[in-house]
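1. Return a 3D structure for these sequence lines:
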Amino acid sequence: MSDPVDLRTARLVLDQPTTADVDTIAEFCRDPLFERYLTTPWPYERHHADMYVEQYVPNGWQTGGESTWALRLEPGSPLLGVVGIRSGSGEIGFWLGAPHRGHGYMPEAVRAVIAWAHDGGMPGVDDLLWRAAPGNRASASVARATGFRFTGEVDPTFLDRSGQPTAAWIARRGRSIDHNAAASWAAILEWPS
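-> The predicted structure follows:
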């Protein structure tokens, strides 16, 4: 059991999603990319956002099962996106609202969450896991930028929104920085190693 903590980066405040964010969450989660790449409910409706803010996020903190943050430019400002990490598996997940993509916010936020987890915020979690639906290059770019090593596509690894096993891109990151990790992404991101 743990209490929510706020994190700060050079440009961001990571705090808790609130009821004031519900309409924004519902709007962002209606993005067609969410249908294609995420396991959020589809079609995404306001009641899903209500349940997420009022039940899912607080329950994750209370049970210690998952820690979730809203990304903001300053305290009380509009929500930009969300990042979370699960205890046990160390799986990190995130999304950013369409108007806020391309500014480097998510790698900055993910680095803060990694540091928090490795600095004792999530005891027992040394190795972190990232996974995404194949083709989710934006998410893969964030994972690459934050030091994850791409390990390949594994089939099946998680359940899609209909409950069916599906393939996933997988990457892992330990406590220490692997300076060769970036090269592991060349095949799917078409970057030179």
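
2. any idea what sits nearest residue 181, other than its immediate chain neighbours?
-> Taking CB to CB, 6 or more residues apart in numbering as the measure, residue 181 lies nearest to residue 149, with 4.0 Å between them; neighbours along the chain are not counted. Where you see a C-beta, it was placed from the backbone N, CA and C, and this is true even at glycine.

3. surely that neighbour meets residue 186?
-> No: no contact is recorded between residue 149 and residue 186 when judged using CB atoms under 8 Å, the distance being 11.9 Å.

4. Of those two, which one has the most company?
-> Remark: of residue 149 and residue 186, residue 149 carries more neighbours, 19 against 13, as counted by other CB atoms under 10 Å.

5. contacting residues for the more buried one?
-> By CB atoms under 8 Å, 6 or more residues apart in numbering, the contact set of residue 149 is 171-173, 178, 180-181, 184.

6. Have a look at this protein and report the helix or strand with the lowest mean pLDDT.
-> In the chain, no helix or strand scores lower on mean pLDDT, DSSP states H and E than strand 149-159, which sits at a mean of 78.

7. Mind checking what helix or strand follows that strand in sequence?
-> Sequence-wise, the next helix or strand beyond strand 149-159 is strand 165-173, with elements assigned using DSSP states H and E.

8. Okay, now the unreliable bits of this structure?
-> 1, 155-158, 191-193 (pLDDT under 70).

9. which stretches of it form strands?
-> For the chain, strands defined by DSSP state E occupy the ranges 7-8, 13-15, 66-72, 81-86, 92-96, 128-132, 149-159, 165-173.
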